[in-house]
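my questions are about this predicted structure, shown below with the sequence.
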Amino acid sequence: MQWETVIGLEIHTQLATQSKIFSGAPIAFGAEPNTQACAIDLGLPGVLPVLNEQAVTFAVRFGKSIEAEIAPRSIFARKNYFYPDLPKGYQISQYELPVVGKGQVEIVLDDGTVKTIGVTRAHLEEDAGKSLHEDFQGFTGIDLNRAGTPLLEIVSEPDMRSPQEAVAYAKKIHQIVRYIGISDGNMQEGSFRMDANVSVRPVGQEAFGTRAEIKNVNSFRFLEKAIQFEVERQIDLIEGGGTVVQETRLYDADKDETRSMRTKEEANDYRYFPDPDLLPVEIDADFLARAIADLPELPDAKRARFQADYGLSEYDAGLLTASRELADYFETVARDSGEPKLAANWVSGELMAALNKTEVELDASPVSASMLAGLIRRIQDGTVSGKLAKQVFEGMWNGGGDADQVIESQGLKQITDTGAIEAMIDAIIAANPAQVEQYRSGKDKIFGFFVGQTMKQSGGKANPAQVNEILKRKLQR
Amino acid sequence: MALDRSDIEKIAHLARLAIAPEQTERYASDLSNILDLVAQMDAIDTSHVEPMAHPLHMAQRLRPDQPTESNQREHFQSIAPLTEDGLYLVPKVIE
């Protein structure tokens, strides 16, 4: 039987605020346990939550970025369950009336087709604390620093049909939240966590199969592998006469498998109700306008503009708009050098390779955008050949100053003095009479030998166009 | 709407409340009465009444995003039954 995979994603992205969503406790990463947990985060009696304006602003910014409706009025609800890292016995979340309603994003599939993925909703909620089960005999250690950290939970429609589509969608959301500056998207630190709802159904069947939810995946690679495994597990199960049970599963990266969390059924009865401690949130036209006033150009728009304005291929435009920092870097190089295509090649080639090789982040690159633009100008005006430019780049990377300084100090200036090149070529022709004879008797291929000799003689610095021209003239005679 | 024994047991478990078996019947009838009252109110035509999410006719006030709380861990942990290395210790919660 042919099976079709159906995937929906829930993504928890941590909002880049300074303080918590309902309290004034700071949220710096890596603080000593429980030093950033105040009375509100601890759920002490008598405290009241007060909503962080920036968290609402960030939610609105996200909503606008995915063409979603922003609820003029939204409410917070209590999601009730018991776990020690949730001191109140409920998580403040949104159930009915989330801040962000239906929206959508576009993903580009491997074959180049564009697919629209629906976003059902995005709502604000607080994170729970952290449980440490390992270090204490018979006890669990609780760190509540993370409790109350603002999250935006982004829920997709079940629109994805393969693990690759799910990854493309997750990457798109990741790109957007980083572009618009609402989250650092740091996956190692848990700022971007994904849950995947996965089911299978026979091709052609309309009704969805029973789904399993894979919880808390924190890398794109694991997301793809976890879904892949889960799809195979479900198909094997059904074809073997079994049925899929609706349950929560965890992905074990070491074993590359998902396994049941064996949660009790009633654990999912959250008994949501409106939180009486919080009033309805009203977002009026003023607030909306302020929230999105400085919304930057979004990745899709930037990609299209790079293609149109700079004549980049779709591939290059996609590559160079992967992050806002990279896109800004490229634009500076393109503008300052006046050579967008060369700029694209150098940024996606030499620069990216050097960054990857040395594991340096772009903002710490020893070669700044204006330095790279300077090098491209020197290639363009013939001061340095394209080949030796790589040496200049290396020199700049290793702290040798700007392009002009490296060219000067390493003597990489291109030889364009016709007299000098002619003298070199005369000597080579005189030293290789046999090859000259071969060339003149019609063996055109030997021409490359002379070019090679000349370049070698000049230390790679002779202007190649001039070398070609002079050689042809002198060899023909 | 009538709640039976098993409904009461389930609700009590979800709320982590210990209810003595002999009390279950009484809770079942009390809670059923409350639901009946709600049903009675439900029967009233409220089509002309604006829905209410909160008894106060106000919108949520928002707080500027500034850290205002300082570290008071010692203070908070002085009332905790058990702490170690800055962590609150609770009975092991994973099998």
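Alright, I've got the coordinates. The structure displayed is predicted, hence computed values, not measured ones.

CA atoms for contacts and neighbours, from now on please.
Noted.

what helices and strands are in contact with the longest helix along chain A?
Criterion DSSP state H: the longest helix present in chain A is helix A:220-239. Helices and strands touching helix A:220-239, by 3 or more Cα pairs under 8 Å, 6 or more residues apart in numbering or on different chains; DSSP states H and E, are helix A:163-179, strand A:192-202, strand A:257-260.

any idea how far the first one is from the middle of the chain?
If I follow you right, that is helix A:163-179. Going by Cα atoms, centre = their mean, to the nearest Å, the spacing between the C-alpha centre of helix A:163-179 and its chain's C-alpha centre is 8 Å.

can you tell me which residues in chain A are near chain B?
A:17-20, A:24-26, A:32-38, A:50-54, A:75, A:81, A:84, A:133, A:138-143, A:266-267, A:269, A:274, A:276, A:278-282 (Cα under 8 Å from any Cα of the partner chain).

my read is that A:Q91 contacts A:E126, right?
Yes: using Cα atoms under 8 Å, A:Q91 is in contact with A:E126, at 6.6 Å.

tell me the contacts of residue 31?
No chain specified, so I'll use chain A. A:N145 (Cα atoms under 8 Å, 6 or more residues apart in numbering or on different chains).

that's the other chain; I wanted chain B
So B:L31 contacts B:L3 (Cα under 8 Å, 6+ apart).

pretty sure it is in a strand, no?
No: B:L31: not assigned to a strand; according to DSSP: H, G, I helix; E, B strand; the rest coil it is helix.

what pLDDT does it get?
Listed pLDDT for B:L31 reads 94.

redo the helices and strands packed on helix A:220-239 as a markdown table? Include mean neighbour count, distance to A:K456 and mean pLDDT.
Below are those laid out as a markdown table (neighbours: other Cα atoms under 10 Å in any protein chain shown; distance: least, Cα to Cα, whole Å; pLDDT from 0 to 100):
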| stretch | mean neighbour count | distance to A:K456 | mean pLDDT |
| --- | --- | --- | --- |
| helix A:163-179 | 21 | 47 | 97 |
| strand A:192-202 | 23 | 53 | 97 |
| strand A:257-260 | 16 | 57 | 90 |
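
what would these look like in CSV with distance to B:D30?
Listed next are those as CSV, based on distance: least, Cα to Cα, whole Å:
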stretch, distance to B:D30
helix A:163-179, 49
strand A:192-202, 40
strand A:257-260, 39
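
closest to A:G349 out of those?
helix A:163-179 (21.5 Å; Cα to Cα).

return the list of helices and strands in contact with the closest one.
strand A:3-14, helix A:53-65, strand A:103-108, helix A:220-239, helix A:299-310.

could you point out which element follows the shortest one?
This points to strand A:103-108. Counting by DSSP states H and E, the element after strand A:103-108 in chain order, helix or strand, is strand A:114-126.

helix or strand: which one has A:F449?
With DSSP H and E as criterion, A:F449 is part of helix A:447-457.

residues contacting that helix, please?
Outside helix A:447-457, the residues touching it (Cα under 8 Å, 6+ apart) are A:424-425, A:428, A:439, A:461-462, A:464, A:467-468, A:471.

low-confidence ranges, chain B, go.
Scanning chain B with the threshold set as pLDDT under 70 gives B:1, B:53, B:95.

okay, helices next: where are they in it?
In chain B, the segments counted as helices under DSSP H are B:5-14, B:24-42, B:73-77.

which residue of chain B sits farthest from its center?
Here chain B reaches farthest from its C-alpha mean at B:D85, the gap being 31.2 Å by Cα atoms, centre = their mean.

what's the longest strand in chain B?
strand B:87-91 (DSSP state E).

quick check: buried residues in it?
B:87-90 (16 or more other Cα atoms under 10 Å in any protein chain shown).

quick check: neighbours of it in the sheet, parallel or antiparallel?
strand A:139-143 (antiparallel), strand B:83-84 (antiparallel) (DSSP bridges).

name the residue of the stretch 301-450 of chain A with the shortest distance to chain B.
Closest approach between the stretch 301-450 of chain A and chain B, counting by Cα to the nearest Cα: A:R324, at 24.5 Å.
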